[in-house]
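Predicted model and sequence follow; I will ask about them next.
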Amino acid sequence: MKKYQIILTTIISYLLFSQASFGETQKYIIEPTHTTVSWVFDHFGFSKPSGKFNNISGFILFDEANPQNSSTEITINIKGISTGFEKFDEHLKSKDFFDIKNFPIAKFISKKITVTSKNKAKITGDLTILSTTKSITLEAIYNKSGINPVNQKPTIGFSAKTSIKRSDFGVNYALPNIADKIDLIIELEANQ
């Protein structure tokens, strides 16, 4: 009888360990004070101004052992746009650009993750700006996971980039003098 109890205990322990260590999806909540979406555009060929969205929320369902099974949903509150110039910020919030009275948020929902190397992946998903949704692909880098030394929470970090055409989303103001192509740079932390 003891022999069977030992075998059963060993099997249960193995199964519990396997479930905890392999293929388990963990939910992480985006940490807004260390998450930004920055953007850069060409201004009449003279310069490449930049700005960022600061007010970001959402979550990541992360499977470290099988990253292709992970997913994310990110919401950007457009009101949090910041260029360092209040007048420019207000113009970007107007109907010429983001029309935040009618469309206060942008959203990204992942659909597919393709791992390209040990810590890199392509994340394809739907980006919605104004009332238009388009598929985009992020080139993502998995920076790190571990216990955050400040809040003592399990934390993950990613960097990503992509380019979009603003005209695809109905943002046509001052085309073609102000560039259609917008480069996006994402820095993200999330914790449990």
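Ah, there it is. Numbering: from 1, shown residues only.

what residue ranges in the chain score low on pLDDT?
1-23 (pLDDT under 70).

which residues of it fall in strands?
With strands called from DSSP state E, the chain shows them at 26-30, 36-40, 50-53, 56-62, 71-77, 81-82, 105-117, 120-129, 132-147, 154-165, 181-191.

can you pull the contacts of Gly84?
Gly51 (CB atoms under 8 Å, 6 or more residues apart in numbering). Where C-beta positions appear, they are placed from N, C-alpha and C, glycine not excepted.

repeat that with 10 Å
By CB atoms under 10 Å, 6 or more residues apart in numbering, the residues touching Gly84 are Pro49, Ser50, Gly51, Lys52.

now it: how far from His43?
15 Å (CB to CB, to the nearest Å).

and the residue sitting nearest the centre point of the chain, what are its bridge partners?
With distances taken as CA atoms, centre = their mean, Ile74 lies nearest the centre of the chain, 5.7 Å away. Assessed by DSSP bridges, Ile74 has beta-bridge partners Gly58, Phe108.

so it sits right up against Ile30, yeah?
Yes: with contacts defined as CB atoms under 10 Å, Ile74 counts as touching Ile30 at a distance of 6.8 Å.
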